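J.: Any chance you can model this:
(one chain, ligands or ions: 1)
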Amino acid sequence: MSDQAVDYHQMWADLGLDLPTHDALLGAVGQLFGDAYLTQDNRPAGMDYLNFVMSEVHGLRIKELDDFRKSGGKVFGTFCLYVPEEIIRAAGGWCVGLCAGAEFAYDQVEQIMPRNTCALIKSFMGFKLAKVCPYFESADLVIGETTCDGKKKAYELLGDLHNVWVMELPQMKREQDMAAWRAEIVELVHKAEETTGNTITAESLRAAIIEVNDKRRALQRIAAACAADPAPISGKDRLLATQVAFYDDVPRFTQMMNALADELEQRVASGEGVTPKGAKRILVTGTPMALPNWKLHDIIEKAGAVVVGEEMCTGSRYYQDLVSESADTVDDMLDDIAAKYLDINCACFTPNDGRIEDVVRMAQELKVDGVIDYSLQFCGLYEMESHSVETAVRDAGLPVLKITTDYSMEDVGQLATRVEAFLEML
Ligand code: BJ8
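T.: This next block holds a predicted model:
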């Protein structure tokens with residue numbers, strides 16, 4: 001697809017990246033990827049595509065965004081599942097996730113926000129302050145959302161550095177909340193149209209709904225294959241597929257993930273897996289794991305278990321529900337989009353019973369031996385909701401391990417010991 005020897009430094013310089021720091025970052029991520037991913041045995045051949053995407057994640061993909069912008073296209077950066085990609089695409093824009101999965105420039109970050117802020121927020125602010133995220137620098141508009149307090153206030157700080165627009169998300173799911181959310185979706189339509197200069201039509205919105213649904217359907221197929229024992233793909237590889245879904249070209253990604261799903265279904269039919277049959281099966285639930293946060297999956301799988309599902313925003317919450325494809329008018333489609341997105345079970349909602357039900361249902365469907373509840377340190381929402389998760393999982397007869405951590409590698413040894421002890425007990 002591309003010549004990997006291409007030198008992208010001029011493009012990065014034109015985007016305003018800090019080149020020496022960015023080179024150091026790419027080296028560190030490459031090493032992390034090599035240690036976590038390229039050491040795995042018996043990976044599906046379809047993972048070659050995601051290896052390639054990772055090798056070009058700041059290269060070819062950024063070049064594609066650059067070419068798109070030079071031809072008049074607009075790129076929208078997002079941090080959260082609640083921003084409907086369908087609307088951006090229907091207006092002719094492209095959506096990309098922004099770098100938020102690694103510890104970077106915390107010294108600068110802590111000058112403007114408290115040290116006890118969650119790693120995800122500190123990370124995106126660090127990437128921005130250090131000028132090392134080409135997705136950030138390619139984004140004509142960053143769309144934030146009023147989910148947790150930390151993000152809400154961080155977007156104010158980010159607004160001093162970038163073009164930011166914030167969506168107001170209700171925190172309950174009553175009728176009046178749906179009405180407010182529907183109105184907010186209409187605001188997004190106006191903002192997307194104003195930014196791109198294009199008008200959203202029934203045809204463009206319908207096409208975007210189908211395109212994004214197709215992407216989610218491909219990820220659903222990959223997830224469904226993991227109900228088999230042995231699992232046909234590692235949790236790390238499945239997590240990578242979901243992480244890349246936020247960045248990649250939509251039709252290409254869908255096509256490649258359907259090819260991967262075909263391969264996984266063949267593996268399931270012939271009983272081929274990435275671990276021996278009977279390996280301990282784990283469901284992970286909690287805060288999202290933004291690229292390149294592979295820390296917990298790496299620890300679990302290097303201890304001999306396999307992660308067979310993620311109840312998180314870089315997992316089932318991203319792909320489990322689709323927007324209805326039956327509407328004919330823009331108004332009806334916006335109703336369907338509002339309904340699908342308000343149905344996401346983020347811990348910023350109260351009550352959030354849907355998430356707890358999803359965790360138990362997934363644990364049963366995927367026939368797991370145990371659940372690991374993962375929270376980023378200083379994330380009050382998920383840490384607080386942890387008690388309800390634990391209670392429900394135990395009531396369903398399954399053991400649960402609670403892990404609170406951040407992006408640093410300092411606690412890897414200690415976490416590995418806890419995970420190994422948990423696996424032995426299963
Ligand atoms: S829909 S989970 S992506 S808000 S970890 S920044 S909650 S303090 S990421 Fe999230 Fe959207 Fe919800 Fe998903 Fe705050 Fe917690 Fe940090 Fe978090």
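
J.: Quick one: residues contacting Thr117.
T.: Residues in contact with Thr117 (Cβ atoms under 8 Å, 6 or more residues apart in numbering) are Val109, Gly150, Ala154, Phe378. The way it works is simple: take the backbone N, C-alpha and C, and place the C-beta from them, glycine included.

J.: how close does it get to the ligand?
T.: 8 Å (Cβ to the nearest ligand atom, to the nearest Å).

J.: cool, and Leu32?
T.: Distance of Leu32 to the ligand, given as Cβ to the nearest ligand atom: 20 Å.

J.: re the thing from before, among the contacts of Thr117, which are within reach of the ligand?
T.: Restricting the contacts of Thr117 to those touching the ligand (Cβ under 6 Å from any ligand atom) yields Gly150.

J.: Looking at the contacts of Thr117, which one is closest to the ligand?
T.: Nearest to the ligand among the contacts of Thr117 is Gly150, at 4.5 Å by Cβ to the nearest ligand atom.

J.: from what I can see, that closest one looks like it's in a strand, true?
T.: No. Using DSSP: H, G, I helix; E, B strand; the rest coil, the assignment for Gly150 is helix, not a strand.

J.: Which pLDDT value goes with it?
T.: Gly150 carries a pLDDT value of 97.

J.: Next, count neighbours for the nearest residue to it once chain neighbours are set aside.
T.: Among residues not flanking Gly150 along the chain, Ile121 sits closest, at 4.9 Å (Cβ to Cβ, 6 or more residues apart in numbering). Close neighbours of Ile121, defined as other Cβ atoms under 10 Å, add up to 24.

J.: Relative to Pro292, how far out is Ile121?
T.: From Ile121 over to Pro292 the distance is 17 Å, taken as Cβ to Cβ, to the nearest Å.

J.: Also Pro170?
T.: Note on Pro170: its distance to Pro292, by Cβ to Cβ, is 32 Å.

J.: Between the two, which has more neighbouring residues?
T.: It is Pro292, of Pro170 and Pro292, that has more neighbours when counted by other Cβ under 10 Å, with 22 against 17.

J.: Next, that one: secondary structure please.
T.: Recorded secondary structure, Pro292: coil (three-state DSSP).

J.: Tell me if I'm right that it and Val29 touch.
T.: Yes. If you go by Cβ atoms under 8 Å, Pro292 and Val29 touch, sitting 5.2 Å apart.

J.: Need the overlap of contacts for these two.
T.: Joint contacts of Pro292 and Val29 (Cβ under 8 Å, 6+ apart) are Ala102.

J.: so where's the protein uncertain?
T.: 1-4 (pLDDT under 70).

J.: in it, which residue is closest to the centre?
T.: Per Cα atoms, centre = their mean, the C-alpha nearest to the average position across the chain is that of Thr314, at 3.4 Å.

J.: Next up, the contacts around that residue.
T.: Residues near Thr314 by Cβ under 8 Å, 6+ apart: Leu239, Thr242, Gln243, Pro288, Met289, Ala290.

J.: how close does it sit to Leu120?
T.: To Leu120, Thr314 is 11 Å away according to Cβ to Cβ.

J.: can you count the residues close to the closest residue to Val6 other than its chain neighbours?
T.: Nearest in space to Val6, with sequence neighbours left out and distances taken as Cβ to Cβ, 6+ apart, is Gly59 at 6.6 Å. Neighbours of Gly59 under the rule other Cβ under 10 Å: 18.

J.: Ramachandran angles for Gly59?
T.: phi -110, psi -90 (degrees, to the nearest 10).

J.: what sits in contact with each of Thr314 and Leu120?
T.: With Cβ under 8 Å, 6+ apart, Thr314 and Leu120 have common neighbours Pro288, Ala290.

J.: Checking Gly144 next. Helix, strand or coil?
T.: strand.

J.: need the contact list for the closest residue to Ala305 other than its chain neighbours.
T.: The spatially closest residue to Ala305, leaving aside those adjacent along the chain, is Lys280, at 4.0 Å (Cβ to Cβ, 6+ apart). Neighbouring residues of Lys280 by Cβ under 8 Å, 6+ apart: Gly304, Ala305, Val306, Asp369, Gly370, Leu423, Leu426.

J.: Check Thr254 too.
T.: Under the criterion of Cβ under 8 Å, 6+ apart, the neighbours of Thr254 are Glu211, Asp214, Lys215, Arg217, Ala218.

J.: what do you get for His22?
T.: Applying Cβ under 8 Å, 6+ apart to His22 gives the contacts Trp12, His58, Lys131, Val132, Pro134.

J.: Look at the closest residue to the second one other than its chain neighbours and say how many residues are nearby.
T.: This points to His58. Of all residues not flanking His58 in the chain, Pro134 sits nearest, at 5.3 Å (Cβ to Cβ, 6+ apart). Per other Cβ under 10 Å, the neighbour tally for Pro134 reads 26.

J.: What's the separation between Pro134 and Gln243?
T.: Counting by Cβ to Cβ - Pro134 and Gln243 are separated by 16 Å.

J.: returning to that earlier point: save the contacts of His22 as TSV, and put in distance to the ligand and secondary structure too.
T.: Formatted as TSV, the contacts of His22 follow (distance: Cβ to the nearest ligand atom, whole Å; DSSP: H, G, I helix; E, B strand; the rest coil):
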residue	distance to the ligand	secondary structure
Trp12	27	helix
His58	22	coil
Lys131	21	coil
Val132	20	coil
Pro134	21	helix
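
J.: between these, which is nearest Glu86?
T.: The nearest member of the contacts of His22 to Glu86, counting by Cβ to Cβ, is Pro134 at 24.7 Å.

J.: My read is that the closest one contacts Glu56, right?
T.: No. Look at Pro134 against Glu56 with Cβ under 8 Å: they stay out of range, at 11.6 Å.

J.: doesn't Ile112 make contact with Met125?
T.: Yes. Between Met125 and Ile112 there is a contact at 7.4 Å, judged by Cβ under 8 Å.
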